[in-house]
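**Q** pasted the sequence and its predicted model underneath.
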Amino acid sequence: MSEKGAYYFLGYSLLPGGVILAPFSYLLLNSPPLAALGISMVMLGLTSLALGRTMPRFSSEASQAFLQAGMENTSALIEELGLTATAIYLPACLREGKPQAIIPLLPETVPRLERKVPGRLIVRYGPNPQDIGIAVSTLGSVTVDGTTDKLASGGRDIEETLSRILVGKLDLATSVRAIISDGRVEVEVSGPKLHYDNIWFYRCLGSPLASIAATVTAEALNRPVRIKSEAMEKGKSRIDMEILS
């Protein structure tokens, strides 16, 4: 039985018994202790039903399994193609309504996106023959695409949105700071629960925290964003991003 089902089972087991026991004990048996027990059963039953309603549809273990499967499939695709370039995070306005990331086929390519990128796996994003890459969804794509918040331009909005997602919604950090200067965005995540690993997948797309930060930044500024570096210092994750033309 799932955790959600267990709460419902407990609630529906306690509630009817308490509803019957409380008036029966008080009116017929004249037993305040048994009546109090019945009232307690009613309260516990209602509490269990309320907790069952607040449980997510998918358990944290199931969500982690889905995330792991998606990461492994994307990582296998990247390794099979031998891609080493850093991903370019696109806002929804440049990717047919859904934020995604493009991994260029050539690592030395500096992309200049002049129009909306078509909704395909293999895409051409510029006028030059070498401007080809693969477009993939990331953890940031799913997280930001699922929120109805309309992002406005500016570092304060980036910081507030990241705090709402990483601290409030996902509970992956304790606080977030963001600073925009000279075409770069620096994000500092305090108390991160996910860390950067030097693996192929992270070298191309960044860690999950960086992926979310890059997607939010791209959406807030309506500009492509590339992760330049990640570092872990004294319990803080520092993410340095470049705003592209």
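**A** Thanks, I have it. This is a predicted model, so every value here is computed, not measured. Residues are numbered from 1 along each chain as shown.
**Q** from Pro224, how far out is the closest residue to Lys193 other than its chain neighbours?
**A** In space, and not counting its chain neighbours, Lys193 is closest to Leu172: 4.9 Å by C-beta to C-beta, 6 or more residues apart in numbering. (Glycine included, C-beta is placed from N, CA and C.) Using C-beta to C-beta, to the nearest Å, Leu172 is found at 24 Å from Pro224.
**Q** sorry, back to before: could you measure from the residue nearest to Lys193 over to His195?
**A** 11 Å.
**Q** what mean pLDDT does whichever strand or helix holds Gly45 have?
**A** Following DSSP states H and E, one finds Gly45 within helix 32-54. The average pLDDT for helix 32-54 rounds to 81.
**Q** for it, buried residues please.
**A** 35, 37-39, 41-42, 44-45, 48-49, 51-52 (16 or more other C-beta atoms under 10 Å).
**Q** could you dump those residues into a markdown table with distance to Lys116 added?
**A** Below are these laid out as a markdown table (distance: C-beta to C-beta, whole Å):
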| residue | distance to Lys116 |
| --- | --- |
| Ala35 | 69 |
| Leu37 | 66 |
| Gly38 | 65 |
| Ile39 | 62 |
| Met41 | 60 |
| Val42 | 58 |
| Leu44 | 56 |
| Gly45 | 54 |
| Ser48 | 50 |
| Leu49 | 48 |
| Leu51 | 45 |
| Gly52 | 44 |
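**Q** which among the residues you listed gets closest to Ile212?
**A** Of all the buried residues of helix 32-54, the one with the least separation from Ile212 (C-beta to C-beta) is Leu51, at 28.6 Å.
**Q** and the nearest residue to Thr84 once chain neighbours are set aside, how far from Gly82?
**A** Spatial nearest neighbour of Thr84, excluding adjacent residues (C-beta to C-beta, 6+ apart): Pro107 at 4.9 Å. Using C-beta to C-beta, Pro107 is found at 10 Å from Gly82.
**Q** what about those two, which has more around it?
**A** Pro107 (11 against 8; other C-beta atoms under 10 Å).
**Q** residues touching that one, list them.
**A** The contact partners of Pro107, taken as C-beta atoms under 8 Å, 6 or more residues apart in numbering, are 84-86.
**Q** wait, which of these is closest to Ser207?
**A** Thr86 (12.8 Å).
**Q** which non-adjacent residue is nearest that closest one?
**A** Setting aside the residues directly before and after it, Thr86 is nearest to Arg226 in space (C-beta to C-beta, 6+ apart), at 5.5 Å.
**Q** likewise for Pro91?
**A** Excluding the flanking residues, the one nearest Pro91 by C-beta to C-beta, 6+ apart is Ala218, at 4.4 Å.
**Q** packing partners of the helix or strand containing Ile212?
**A** Here Ile212 sits within helix 208-221, counting by DSSP H and E. Here helix 208-221 touches strand 88-90, strand 100-104, helix 139-145, helix 155-162, strand 184-190, strand 225-233, strand 236-243, going by 3 or more C-beta pairs under 8 Å, 6 or more residues apart in numbering; DSSP states H and E.
**Q** got the buried residues for that helix?
**A** Within helix 208-221, the residues scored as buried using 16+ other C-beta under 10 Å are 208-221.
**Q** that one to helix 155-162, inter-axis angle?
**A** Computed by axes from the mean of the first three to the mean of the last three C-alpha atoms, to 10 degrees, the angle separating helix 208-221 from helix 155-162 equals 130 degrees.
**Q** for the most centrally placed residue in the chain, give its distance to Glu72.
**A** What sits nearest the mean C-alpha location of the chain, by C-alpha atoms, centre = their mean, is Thr143, with 3.9 Å. Distance of Thr143 to Glu72, given as C-beta to C-beta: 19 Å.
**Q** and what of Phe9?
**A** 35 Å.
**Q** where in this structure is pLDDT low?
**A** Across the chain, the ranges flagged by pLDDT under 70 are 1-4, 54-68, 70, 108-115, 145-156, 196.
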